[in-house]
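Participant: I'd like to go over a predicted model; first the sequence, then the structure.
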Amino acid sequence: MTSIFNPRHAENRQKYEGSVFPTRSSGDIIVVEYRDSKNVLVKFLDTDFESLVFLSCVLNGNIKDKMKPTIYGIGVCGDERVTNSFGRKVKEYRFWSSMIQRCYDPKLKIAFPSYEGCTTSENFKYYPYFKDWCNNQVGFNSIDSKGKDFALDKDILVKGNKIYSEGTCCFVPYEINNLLSSNKATRGSSPIGVSFHKRDHKYQAYLNTGTSRVHLGYFVTSEEAFLAYKEAKELRIKEVANKWKDQIDPRAYEALINYQVEITD
């Protein structure tokens, strides 16, 4: 069959291919290939991301670069859906956007100073990568006894860690996630698990189990009180680790069983 020559098509190819156009919010684009008015291949000059769009969108600039970091100037959503069929944000995206906020939202860091200095790996800045990673992790699709999703934790595998990454993060129930909280911002100058009892001029050791506060005794020095806390806390961590052993990442279980409470925590 002999193809029918379309002079308008040839004219548009010559007119648009290689031409640069501005967009409303994603910088300039260049037309790589004109196929027809509903299939124009463009490339965003800032990121080299290519997309097929309508010619009308090229001309009015109503095109968004899906590789542009739009979440706190860092996170890239990519060519990935972030909502389900009901218009609600999917679980992977909720974890990801919350993580990006904790690391890169200056207002949140004022309210929660413990997130100061937190960052993500380069891969974790890209939502499609993070989504795939989540769906390959033990515990991602688990819920705790209260029906809550497991939490994304960055501190268990590497103590004192400030980087959310593939090698430092895991999913654990909130009972474990909250177990290692140090509350430095609120406990004052005393060692973790220790407070000064003014009436008796002694140091009190106590353990928060998550449901209650257990009194461990009074001591002459803060160091003695801390050692009592350290013994009780490490025992508690092992108990909780064994409770969830079959539902958490083996790396997390191993880290909890070997966890050492330090006076500088």
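Facilitator: Happy to help now that I have it. If you're wondering where the values come from, they're calculated on a predicted model, not measured in any experiment.
Participant: Tell me how many other residues crowd Glu175.
Facilitator: Here the count is done by other Cβ atoms under 10 Å, and Glu175 has 18 residues near it. (Glycine included, C-beta is placed from N, CA and C.)
Participant: swap that for Thr211, please
Facilitator: Using other Cβ under 10 Å, Thr211 has 6 neighbouring residues.
Participant: swap in Leu157?
Facilitator: For Leu157, the number of neighbouring residues by other Cβ under 10 Å comes to 18.
Participant: That one reaches Tyr253, doesn't it?
Facilitator: No: Leu157 is beyond contact range of Tyr253, at 10.7 Å (criterion: Cβ atoms under 8 Å).
Participant: so what's Ser26 up against?
Facilitator: Counting by Cβ atoms under 8 Å, 6 or more residues apart in numbering, Ser26 makes contact with 44, 46, 63-65, 68.
Participant: Export those residues as JSON lines, with columns for pLDDT.
Facilitator: Listed next are these as JSON lines, based on pLDDT from 0 to 100:
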{"residue": "Phe44", "pLDDT": "95"}
{"residue": "Asp46", "pLDDT": "92"}
{"residue": "Ile63", "pLDDT": "93"}
{"residue": "Lys64", "pLDDT": "91"}
{"residue": "Asp65", "pLDDT": "93"}
{"residue": "Lys68", "pLDDT": "93"}
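Participant: Could you pick out the buried ones from these?
Facilitator: When the contacts of Ser26 are checked for burial by 16 or more other Cβ atoms under 10 Å, the buried set is 44, 63-65, 68.
Participant: and of the residues you listed, the nearest to Gln204?
Facilitator: Closest approach to Gln204 among the buried ones among the contacts of Ser26 (Cβ to Cβ): Lys68, at 53.9 Å.
Participant: Nearest residue to the closest one in space, please, no chain neighbours.
Facilitator: The shortest distance from Lys68 to any residue other than its chain neighbours is 5.5 Å, reached at Ser26 (Cβ to Cβ, 6 or more residues apart in numbering).
Participant: Quick check: the one you found is in a strand.
Facilitator: No: the assignment for Ser26 by DSSP: H, G, I helix; E, B strand; the rest coil gives coil, which leaves it out of any strand.
Participant: buried residues in stretch 128-143?
Facilitator: Residues 129-131, 133-134, 137-140, 142 are the ones in stretch 128-143 that count as buried (16+ other Cβ under 10 Å).
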